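A.B. asks: Pasting the sequence and the predicted model now:
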Amino acid sequence: MSAPHSDTATTAEATSDAVLTPVGGSGDPALPDADAASVDAVVEPVDVDEDDQDEDDDSGEGLLVREGDVAGDYLERLLDILDVDGDIDLDVEGDRASVAVVGGELKTLIGPEGATLEALQELTRLAVAQSTGIRSRLMLDIGGFRAKRRADLTALASAAAERVGQSRQPERLAPMNPFERKVVHDVIAGAAGVHSESEGEEPNRRVVVLPDR
C-alpha cells in the first residue's frame, strides 16, 4: 500500500498542538520526532541465510511481527503520556504489520479527516525503523477510522465504476491520500470494463476512473 508521494507533510503541522508537542515534551524524551521522509518507506529486502534461524526471524513474517511489537510498545508509552485510554491490537495483513488502537475516547488521536492519525502513523513507523534498522510500511488505525473509511471508499469506488462502465466517460474522484487511493484502485481493479489511474501532485493527487478500450 505504498504511494509515491507524501500525504502527511501537511498533517504534522495540523497536529503539532494536539499530539506532537506532548510527545516531544519532558514526559518521554525517547519518543521520536516526525520525519517527512519516512512516508514513502518500504520494507527493504533482507539477505537471509536459510540455515541460520536467527537471521530468518528478522525477515518475512517474523520481521512484521517484530514491527508490531515495537509499535505496540511505542503507542502504549504515547497513550500514557497523553493520558488516553485505549487497547492495542496487533496483526499482520499481507506484507505489512497492522496496529489498531481501540476503545476509549480516541477522537483527538484521529483528528480532522484523519490528519492526526496520519502523523501518528509516521511517528510510529519511525520508531519501528529506529528499532529494526529497516524502514516500515506499518499501517496504524485508531478508533476504527481507517476501517470505516475503507468501507466508505469501497462503496464510492464501486458506484464510480458502475457509472463509468455505463457512460464510457472518465470520472475524476476527489483528492485522496495514498491509503485512500490504494483502496479505490483495488476496488476498480476488480470491476469489469474499467480501470483507474492517479493524476496530479500532492496534496491534490486523485484517482481517475476510465473505461477500458
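C.D. replies: Nice, thanks for sending it over. Residues are numbered from 1 along each chain as shown.

A.B. asks: Tell me which stretches of the chain form strands.
C.D. replies: Using DSSP state E, the strands of the chain run over 87-93, 96-102, 139-142, 171-175, 194-199, 206-211.

A.B. asks: give me the beta-bridge partners of the residue nearest the centre of the chain?
C.D. replies: Taking Cα atoms, centre = their mean as the criterion, residue 139 is the residue nearest the geometric centre of the chain, at 4.1 Å. Bridge pairing for residue 139 (DSSP bridges) gives the partners residue 98.

A.B. asks: re earlier: to residue 187, which of the strands of the chain lies closest?
C.D. replies: Distances from residue 187 to each of the strands of the chain were compared using Cβ to Cβ; the shortest belongs to strand 194-199, at 8.6 Å. C-betas here are computed from N, CA, C, even on glycine.

A.B. asks: elements contacting the closest one?
C.D. replies: helix 145-167, helix 178-189, strand 206-211 (3 or more Cβ pairs under 8 Å, 6 or more residues apart in numbering; DSSP states H and E).

A.B. asks: okay if I get these as TSV plus distance to residue 60, mean neighbour count and mean pLDDT?
C.D. replies: Listed next are the helices and strands packed on strand 194-199 as TSV, based on distance: least, Cβ to Cβ, whole Å; neighbours: other Cβ atoms under 10 Å; pLDDT from 0 to 100:
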stretch	distance to residue 60	mean neighbour count	mean pLDDT
helix 145-167	24	16	97
helix 178-189	22	20	95
strand 206-211	31	20	98
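
A.B. asks: Columns distance to residue 84 on top of the ones you listed, output as TSV?
C.D. replies: Formatted as TSV, the entries for these read as follows, by distance: least, Cβ to Cβ, whole Å:
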stretch	distance to residue 84
helix 145-167	15
helix 178-189	23
strand 206-211	33
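
A.B. asks: Tell me which of those lies nearest to residue 104.
C.D. replies: Sorting the helices and strands packed on strand 194-199 by Cβ to Cβ, the top spot, which is the nearest, belongs to helix 145-167 at 13.6 Å.

A.B. asks: what comes into contact with that closest one?
C.D. replies: Helix 145-167 has contacts (Cβ atoms under 8 Å, 6 or more residues apart in numbering) with 110, 114, 117, 139, 141, 170-171, 173, 176, 179-180, 183-184, 187-188, 191-194, 207, 209-211.
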